[in-house]
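S.K.: Quick one, structure for this:
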Amino acid sequence: MSLDISITRSTKPRPKPPANDLGFGRFFTDHMFLADCDAGTWSNGRVIPYGPLALDPAAAALHYGQTLFEGMKAYRAKNGRAMVFRPQLHAARLNASAERLCMPSLPEEDFHRALRALLELDRDWIPGATGTALYLRPAMVATEPFLGVRPARRYTFFIIASPVGNYWGPKPSALRLWVETKAVRAAQGGIGAAKAGANYVASLLTAEQAKAHGYSQVLWLDSTHTHVEEVGTMNVFFRFGETVVTPPLDGSFLPGVTRDSVLQLLRRWKVPVEERPVAMSEVAEAYDRGELKEVFGTGTAAVISPVSELTWGSRSLRLEDRRGAVAERAFQALTELTHRGEPDAEGWLVEM
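M.R.: Predicted structure coming up:
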C-alpha cells in the first residue's frame, strides 16, 4: 500500500535568496517532508512547514549513530516543473545504506512520491541560473527512546531542500590535496559504502588539519595506506596518458551517482576506462614520467572538481590549475544535460 501524504502549507513563506549568493546549504525552502516508521511499517507521510525536529534525548540516533542521508539535485524544467537527476539510483542507494545500518527500507514508490509532494509546493525555489540547483537532502534517523544497544524500532524519514550554487564558492579553483598516510576514514567490511553520518564525522579532523595547512581537502588511502580511495567526500579519477582510471567499488567508499554517470559518458565516447586499484606510488611514478594528465573528483554537490596538487609526504605533484580535457568534457555534458530543462534520452532526468 502506498504511503498516504497530507499537505500543510506554510503561512509564512521565506524570502528567496539572491541567485548570485546562494553558497551551499545555507538557505532552506518553505516546506519539508516527513514520514514515520514503527516496527517496519511506514505511515503519517506529510509535507509541513520547515522547522525543527522533535527528538527524545534518548533517541537511538543521538547515541548509536543510526542516521543516514542522501544528496541529490533538482533542476528547473522548461514547463516550470522539477527535473530530478537520477532519483532511482538515489532511492536504491538510500535503501542499501539502510540495510547496512539495520534501518528500515523505504519503498522506492514512496521515495518518489515524497519528492513529488515536496517539489510540488517548493518548485519556485529551484534556481534557474547555470551552475545552480535545488539540493535535496533525504535523511533517516532512529527516534525510539531506548538506551540498549540494538537496532531501533522507530524511525523518521525526512526530506529538506536548499537552493545552491557552486559547492566551492563563486570563483572555485582547482583543489590542493593532502594525501593522508596515518588516519583512515573507513575500511573494507565497515560502513564506508553507506551514506552514514559516521563516515563523514570520521573525516573531519584530518580535513580540518589539512585545511589549516592550506589544502582544500584530503586524498584518502586504504587501511594499508597503499591504494587511493576517495577525495574528501568525492570519488576520484586519474588520467594516465589517454586512459582514465578510478578505484573499484570495494565496500569502503560510496558508490557515487556522479561517478557512475561520468563512467557511462566516457564509455559512450570510447575513452579508455579502467576500474581497478590505484596505488599512490603508481600515481607518483606516472607523474615522474609525464603521464599523469588529470586528476579530478566527482560528486553530487560539486559535480566535477579538478585537482592541481597532491602532497604525499615530502613530494608535491603539481598539475594545471583547471579542469583537463576529459574532466571539462564530462562537466560540460552534465551541465548541459541538467540545465536543458527537458527529459533526456538516457532517462537520467525525471520530471517530478
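S.K.: Quick check: the residue of the chain positioned farthest from its centre vs Trp269, distance?
M.R.: In the chain, counting by C-alpha atoms, centre = their mean, Arg289 sits farthest out from the average C-alpha position, at 33.8 Å. Note on Arg289: its distance to Trp269, by C-beta to C-beta, to the nearest Å, is 25 Å. Placement of C-beta: from N, CA and C, glycine included.
S.K.: and if you look at Ala345?
M.R.: 15 Å.
S.K.: Looking only at neighbour counts, state which of the two leads.
M.R.: Trp269 (12 against 6; other C-beta atoms under 10 Å).
S.K.: on that earlier part again, how about the backbone phi and psi for the residue farthest from the centre of the chain?
M.R.: phi -90, psi 0 (degrees, to the nearest 10).
S.K.: if I pick it, what's in contact with it?
M.R.: Listed by C-beta atoms under 8 Å, 6 or more residues apart in numbering, the contact set of Arg289 is empty.
S.K.: end to end, how far does stretch 293-308 reach?
M.R.: 11 Å (C-alpha to C-alpha, to the nearest Å).
S.K.: try stretch 66-82
M.R.: By C-alpha to C-alpha, one end of stretch 66-82 lies 31 Å from the other end.
S.K.: gap between it and the chain center?
M.R.: Offset of stretch 66-82 from its chain centre (C-alpha atoms, centre = their mean, to the nearest Å): 12 Å.
S.K.: now Val245: how far from Val278?
M.R.: 6 Å.
S.K.: joint contacts of the two?
M.R.: Residues touching both Val245 and Val278 (C-beta under 8 Å, 6+ apart) are Phe238.
S.K.: any idea how far Gln332 is from Ala19?
M.R.: 21 Å.
S.K.: again, but for Asp122
M.R.: For Asp122, the distance to Gln332 - C-beta to C-beta - is 29 Å.
S.K.: can you check Lys78 too?
M.R.: Distance check for Lys78 against Gln332: by C-beta to C-beta, it reads 20 Å.
S.K.: can I assume Glu208 sits in a helix?
M.R.: Yes - counting by DSSP: H, G, I helix; E, B strand; the rest coil, Glu208 falls inside a helix.
S.K.: Which pLDDT value belongs to it?
M.R.: Per-residue pLDDT puts Glu208 at 97.
S.K.: Okay, it and Thr143: tell me how far apart.
M.R.: Glu208 is 30 Å from Thr143, by C-beta to C-beta.
S.K.: Settle it for me: which of these two has more neighbours?
M.R.: Each of Glu208 and Thr143 has its neighbours counted (other C-beta under 10 Å); Thr143 has more, 23 against 10.
S.K.: Now for the more buried one: which residues touch it?
M.R.: Thr143 neighbours (C-beta under 8 Å, 6+ apart): 36, 55-56, 59-61, 152, 154-156.
S.K.: got the residue ranges for the strands in the stretch 101-250 of the chain?
M.R.: Remark: strands assigned in the stretch 101-250 of the chain by DSSP state E, counting those that start in this stretch are 133-142, 154-164, 175-179, 217-221, 228-231, 234-240, 243-246.
S.K.: ok, what's across the strand from Pro49?
M.R.: Counting by DSSP bridges, Pro49 is bridged to His31.
S.K.: Show me the domain layout of the chain.
M.R.: According to automatic domain parsing, the chain comprises the domains 5-165, 175-338.
S.K.: Would you format the ones you listed as JSON lines with distance to Val350 included?
M.R.: Converted to JSON lines, these look like this (distance: least, C-beta to C-beta, whole Å):
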{"stretch": "domain 5-165", "distance to Val350": "5"}
{"stretch": "domain 175-338", "distance to Val350": "12"}
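S.K.: what's the closest of those to Met352?
M.R.: domain 5-165 (4.5 Å; C-beta to C-beta).
S.K.: Rounded mean pLDDT for that closest one, please.
M.R.: Here the average pLDDT along domain 5-165 is 96.
S.K.: Check the offset of it from the chain's centre.
M.R.: Mean-position distance between domain 5-165 and its chain equals 13 Å (C-alpha atoms, centre = their mean).
S.K.: do the same with stretch 167-178
M.R.: On C-alpha atoms, centre = their mean, the centre of stretch 167-178 falls 17 Å from the chain's centre.
S.K.: now for that stretch, what's the gap between its first and last residues?
M.R.: 19 Å.
S.K.: Show me which positions of that stretch end up buried.
M.R.: Using 16 or more other C-beta atoms under 10 Å as the test for burial, stretch 167-178 gives 167-168, 174-178.
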